[in-house]
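Enquirer: just the structure for this:
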Amino acid sequence: MDAGNADARPSGGDEVTDQQQASQTQASQTSDRKEPRPKETRAQDAQAAVHSFETHGSAETIAAGREIAKLLVPPRLIILRGELGAGKTTLVKGIAEALDAADPEEVTSPTFTLIHEYEGTRQVNGVSQPLFLYHLDLYRIDAERQLDALGLDELIAPDSIVLVEWGEKFPSVVKRSNGEIVIESSPGDCRKITLSLKG
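Expert: The predicted structure is shown next:
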């Protein structure tokens, strides 16, 4: 073998050009975007466990919902806080999907119906256990007495997770709650999602 050619790049079908490498890298990046991973941070204080997520766009907000679902152990009543259009229902899409309660496109805002009910399951030590997921929207409710018609006390059961939008309006709901999710919107479709769980 000629020593002068010992370090030469092989030719023929095994050669990978810079253009091919760039195409493979771009394809890999595109594939990664299909399964967004929201950035999560955790904190612990004397009263609550806190989990924070940062998302960019609806797909990542749904992905954050899937992660949050893993942290919700029935019975739970969680207040969903955020301005109109913050992404509360989008987050519920991910929670419902993770609990095998509904596909994301089946989850809609209960603004006019006040409550949506879904039946799902939760894996506990490898065993599938049934649960109920309730999604409430109290935006159009003005007085505490109107809550009685919703039967909130009956919804809070050992096999249920209750997610309440605009629940912070009512002291009785805040008192019953054992956690909250706060969604804060920033420019560029960025959202900070903070889950606080009591007890």
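
Enquirer: secondary structure class of the residue positioned nearest the centre of the chain, three-state.
Expert: Centrality entry for the chain: nearest residue to the mean C-alpha point is Gly65, 0.9 Å, by C-alpha atoms, centre = their mean. Following DSSP: H, G, I helix; E, B strand; the rest coil, the label given to Gly65 is helix.

Enquirer: what's the local residue count around the nearest residue to it once chain neighbours are set aside?
Expert: Ranked by C-beta to C-beta, 6 or more residues apart in numbering and with sequence neighbours excluded, the top spatial neighbour of Gly65 is Gly94, at 2.2 Å. (C-beta placed from N, C-alpha, C; glycine too.) By other C-beta atoms under 10 Å, 24 other residues sit near Gly94.

Enquirer: can you verify Gly94 is assigned to a strand?
Expert: No - Gly94: not assigned to a strand; according to three-state DSSP it is helix.

Enquirer: quick revisit: dump the residue contacts of the residue nearest to the centre of the chain.
Expert: Gly65 makes contact with Thr90, Leu91, Val92, Lys93, Gly94, Ile95, Ala96, Glu97, Ala98 under the criterion C-beta atoms under 8 Å, 6 or more residues apart in numbering.

Enquirer: quick one: it from Glu144, how far?
Expert: Distance of Gly65 to Glu144, given as C-beta to C-beta, to the nearest Å: 29 Å.

Enquirer: repeat for Ser160
Expert: Ser160 is 22 Å from Glu144, by C-beta to C-beta.

Enquirer: who's more crowded, those two?
Expert: For Ser160 versus Glu144, neighbours defined as other C-beta under 10 Å are more numerous around Ser160 (17 against 12).
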